[in-house]
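Visitor: sequence first, predicted coordinates after that:
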Amino acid sequence: MIQDLLLLDIETVPMVDDFSSLDPVWQSLWWDKISKTVPENTTPEDAWKRKAGILAEFGRIICISTAYFYEDDNRNVCLKIKSISGDNEAEVLNGFTELCNKMYRHNKNFQFGGHNIKEFDIPYICRRMLINRLPLPEYLWLHDKKPWEVKMFDTLNWWKFGDNKNYITLHLLATILGIPTSKTDIDGSMVQQVYYKDNDLPRIVEYCQRDVVVTANIILRFKDLPLLTDDKVNVV
């Protein structure tokens, strides 16, 4: 049931804006990690700008948007969104686990839903929780589970249909399914600049929330249900 899903999307940035701000030990660790996977002649500085935010060892989470489906009095499917954001990552993660704990107490069978969350969002959250010395709740103890024991509604995996080589972005999947895209005034490549240069976290939060709505509509399309209209989406 879609009411069992807790949809989520995260926005991340490098731990510092510029590679030069890292101390020599971290600079060396960064280049050891990334040097074999970037094109020849790429500098550590360029690689930092492009890659650091998506690696949990060198990035941090600044926003987690969550959402769940519910029915209104007329049995229309609606979506309620709540975002946790801020400059203090530990507080963001604590806010997220408090929200999940409430969901877990209400429904032990709840599942996370999202796009590429099995390989990005959820592992990133778990790693950053450990780095911040926060305890992992039971529903995030995934490291010792077999693949078929990890139950998530991942729209990327759904679209693969068993073809593990296939990869598709949220933007492309939404476009080919006729779903309005979230890529309007900002996309993922701009988050670092909007955060560090423009100091505009609310703009990033709005973008993250739009991604959650797009994911929700993709799930509804997979389920052959009507898409959400603006009046069926509530931000709290």
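Guide: That came in fine, so what should we check first?
Visitor: can you spell out which helices and strands pack onto the biggest helix by length in the chain?
Guide: Looking across the chain with DSSP state H, the single longest helix is helix 201-222. Helices and strands touching helix 201-222, by 3 or more Cβ pairs under 8 Å, 6 or more residues apart in numbering; DSSP states H and E, are strand 5-14, strand 59-71, strand 77-85, strand 111-114, helix 155-160, helix 170-176, helix 191-196. Bear in mind the C-beta positions are built from the backbone N, C-alpha and C, glycine included.
Visitor: again, only this time at 7 Å
Guide: Judged by 3 or more Cβ pairs under 7 Å, 6 or more residues apart in numbering; DSSP states H and E, helix 201-222 is in contact with strand 5-14, strand 59-71, strand 77-85, helix 155-160, helix 170-176, helix 191-196.
Visitor: and that helix, which residues are buried?
Guide: Across helix 201-222, burial judged by 16 or more other Cβ atoms under 10 Å covers 201, 203-221.
Visitor: for stretch 76-83, buried residues please.
Guide: Applying a neighbour-count criterion of 16+ other Cβ under 10 Å, one finds 77-79, 81-83 buried in stretch 76-83.
Visitor: can I get stretch 72-87 in CSV? Just the C-alpha atoms.
Guide: Extracted in CSV, the C-alpha atoms of stretch 72-87 (Å, rounded to 0.1, in the frame of the first residue of the first chain):
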residue,chain,number,x,y,z
ASP,A,72,-8.8,13.2,2.3
ASP,A,73,-12.5,13.0,3.2
ASN,A,74,-13.4,12.4,-0.4
ARG,A,75,-10.9,9.5,-0.7
ASN,A,76,-8.6,11.5,-2.9
VAL,A,77,-5.0,10.6,-2.7
CYS,A,78,-3.0,13.5,-1.1
LEU,A,79,0.6,14.1,-0.1
LYS,A,80,1.9,15.7,3.1
ILE,A,81,5.5,16.9,3.0
LYS,A,82,7.8,17.8,5.9
SER,A,83,11.4,19.0,5.5
ILE,A,84,14.2,19.0,8.0
SER,A,85,17.0,21.4,7.0
GLY,A,86,19.8,23.4,8.5
ASP,A,87,23.5,24.1,8.8
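Visitor: how much space between the nearest residue to residue 136 once chain neighbours are set aside and residue 64?
Guide: Leaving out its chain neighbours, the residue that sits closest to residue 136 by Cβ to Cβ, 6 or more residues apart in numbering is residue 129, at 5.8 Å. Per Cβ to Cβ, to the nearest Å, residue 129 is found 12 Å from residue 64.
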